[in-house]
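K.L.:
Here is a sequence with its predicted model. Questions after.
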Amino acid sequence: MAYSAFRIFRESLTGNRGWKPVWREPEPRPDYDIIIVGGGGHGLSTAYYLARNHGITRVAVLEKGWLGSGNVGRNTTIIRSNYMLPGNQPFYELSLKLWEGLEQDFNFNAMVSQRGVLNLYHSDPQRDAFVRRGNAMKLSGADPVLLDEAGVRKLCPFLDFDNARFPIRGGLWQPRGGTVRHDAVAWGYARGADRRGVDIIQNCEVTGFLIDSGVCKGVETARGPIRAKSVAVAVAGSSSRVMAKAGIRLPIESHVLQAFVSEGLKPVLPGVITFGAGHFYVSQSDKGGLVFGGDIDGYNSYAQRGNLPAVEDVCEGGMAIMPMIGRARLLRMWGGLVDMSMDGSAFIDRTEIDGLFFNGGWCYGGFKATPASGFCFAHLLATGESHPVARQMRLDRFRRGKLIDEKGQGAQPNLH
Ligand SMILES: Cc1cc2nc3c(=O)[nH]c(=O)nc-3n(C[C@H](O)[C@H](O)[C@H](O)COP(=O)(O)OP(=O)(O)OC[C@H]3O[C@@H](n4cnc5c(N)ncnc54)[C@H](O)[C@@H]3O)c2cc1C
């Protein structure tokens, strides 16, 4: 089904009875060219670009729950490309460019809103670090703008500039950053892949891998074995659990990350704002709710709900820059499972088992990566070669000493 102004008009005259389910519910076939494990944003975008860019359509996406039940439907929807290192920055800039054309590309309203992302700085050394980051962004054509205090005051007059502990001195502003309606992204990619012939199979947990003499020949699932020439795993927070079934140990820990939404308020935030002296970020949804988050919970977990110490920490961060939010009531909160890699950067790579590929380690920030991740993973699966912007996202980079330590924090997941 295609969407158009004419179609909406016609449906409005006929009681909206012509709309059809957005994707099919096929039974799994006995074999495919490629099986993608995980129907989150990355698995679905991989399937979409395999079909769209490479014409590979004998593909199944196997999802243990329902589409959108993982982080793709749980995140705080922020997109940006304000990365610094050559292993990351061109990749995230490609992703932002893909976001910019995405809705036209898959003919689905994903509410891509380039309302800007502002990272606050609170000290001279932090300003210098942002200048460096901004210059690195420019190298791949991104759009950093360094704002001094007056510039931030103009944009966000409501911030607590003279906080005794964390005075605001300015910010790094990326006008092309913003927010996207997260679950619409899953639905749009699912629909686009399904229309091109990809089978999206929900409620089909992968329980093991069919490995014969070091070659992966398919998967065991809750609905029986399915064979494939290649198996591509993109299960985010479940990465270490799933890859352990193939005997692979990853440099990844799973942690809970919580998100929060306040009651609806009049429009006040111009875009996304992040605190520079603690972990707090906030935007305002189109319905008016303040959508915010902060640090991961402090211990490893596979539970999709968090605990109170992180709630307190996030709210303290918010109060330090925006005391006015102390009056807002919290409406909802939830947790998602994030796959924290030990240098804060992701993996898009083949594994030591022939035919088994891995995509993960997205930490706090894999939603913004969704388009480029699928684009590059599909490239790797279809051509056998890493896409140039994802070439450094290798699983053996720790062994080779080629870390992509974006923040220079080492193996300290909560600081990535
Ligand atoms: C609270 C929160 C806020 C966030 N905010 C942002 C943000 O603002 N910006 C940003 O860029 N990123 C953000 N992120 C991170 C981002 O959401 C993730 O990095 C990204 O969504 C992960 O990729 P995914 O969409 O493929 O994951 P998921 O949607 O989690 O997809 C993985 C899928 O694999 C399935 N699966 C697991 N095991 C199996 C199995 N054995 N068999 C079959 N299927 C399986 C799961 O059910 C799941 O649906 C946030 C994350 C959280 C939790």
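P.N.:
Good, I have the coordinates. What you see is a predicted model; the values in this text were computed from it and never measured. Numbering: from 1, shown residues only.

K.L.:
contacts and neighbour counts: CA atoms only from here.
P.N.:
Will do.

K.L.:
and the nearest residue to residue 299 once chain neighbours are set aside, what does it touch?
P.N.:
Take residue 299 and drop its neighbours on the chain: the residue closest to it by Cα to Cα, 6 or more residues apart in numbering is residue 255, 6.5 Å away. By Cα atoms under 8 Å, 6 or more residues apart in numbering, residue 255 lies in contact with 237, 296-302, 337-340.

K.L.:
can you rerun that using 6 Å?
P.N.:
Contact partners of residue 255, counting by Cα atoms under 6 Å, 6 or more residues apart in numbering, are 300-301, 337-338.

K.L.:
helix/strand/coil for it?
P.N.:
Counting by DSSP: H, G, I helix; E, B strand; the rest coil, the backbone at residue 255 sits in strand.

K.L.:
What's the per-residue pLDDT of residue 305 here?
P.N.:
What the model reports as pLDDT for residue 305 is 87.

K.L.:
just checking, it touches residue 338?
P.N.:
No - contact status for residue 305 versus residue 338: not in contact, 11.6 Å apart, counting by Cα atoms under 6 Å.

K.L.:
higher neighbour count, the two?
P.N.:
Higher neighbour count among residue 305 and residue 338: residue 338, with 31 against 16, using other Cα atoms under 10 Å.

K.L.:
That one against residue 239, yeah?
P.N.:
No - using Cα under 6 Å, residue 338 is not in contact with residue 239, being 9.4 Å away.

K.L.:
tell me which parts of the stretch 301-416 of the chain are close to the ligand?
P.N.:
For the stretch 301-416 of the chain, the residues in contact with the ligand (Cα under 6 Å from any ligand atom) are 335-338, 362-368.

K.L.:
which two from these end up farthest apart in space?
P.N.:
Distances among these were taken as Cα to Cα; the most separated pair is 335 and 368, at 18.0 Å.

K.L.:
who touches residue 411 in this structure?
P.N.:
Residues near residue 411 by Cα under 6 Å, 6+ apart: 342-343.

K.L.:
Check what pLDDT it gets.
P.N.:
If you check residue 411, the pLDDT there is 87.

K.L.:
Show me what the helix or strand containing residue 147 is packed against.
P.N.:
If you go by DSSP states H and E, residue 147 is part of strand 145-148. Strand 145-148 sits against strand 170-174, with contacts defined as 3 or more Cα pairs under 6 Å, 6 or more residues apart in numbering; DSSP states H and E.

K.L.:
could you give me the average pLDDT of the strand it packs on?
P.N.:
98.

K.L.:
Could you export the lengthiest helix in the chain as CSV, CA atoms only?
P.N.:
Longest helix in the chain by number of residues (criterion: DSSP state H): helix 89-106. Output of helix 89-106 as CSV, limited to C-alpha atoms (Å, rounded to 0.1, in the frame of the first residue of the first chain):
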residue,chain,number,x,y,z
GLN,A,89,32.0,10.7,12.3
PRO,A,90,31.6,9.8,8.6
PHE,A,91,29.3,6.9,9.5
TYR,A,92,27.0,9.1,11.6
GLU,A,93,27.0,11.9,9.0
LEU,A,94,25.9,9.3,6.4
SER,A,95,23.2,8.3,8.8
LEU,A,96,22.0,11.8,9.2
LYS,A,97,21.9,12.3,5.4
LEU,A,98,19.9,9.1,5.1
TRP,A,99,17.5,10.4,7.8
GLU,A,100,17.0,13.5,5.7
GLY,A,101,15.7,11.6,2.7
LEU,A,102,14.1,8.7,4.6
GLU,A,103,10.4,9.5,4.6
GLN,A,104,10.4,10.1,0.8
ASP,A,105,12.5,7.0,0.4
PHE,A,106,10.2,4.6,2.2
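
K.L.:
Could you pull out the buried residues of that helix?
P.N.:
Buried residues in helix 89-106, counting neighbours by 16 or more other Cα atoms under 10 Å, are found at 89-96, 98-100, 102-103, 106.
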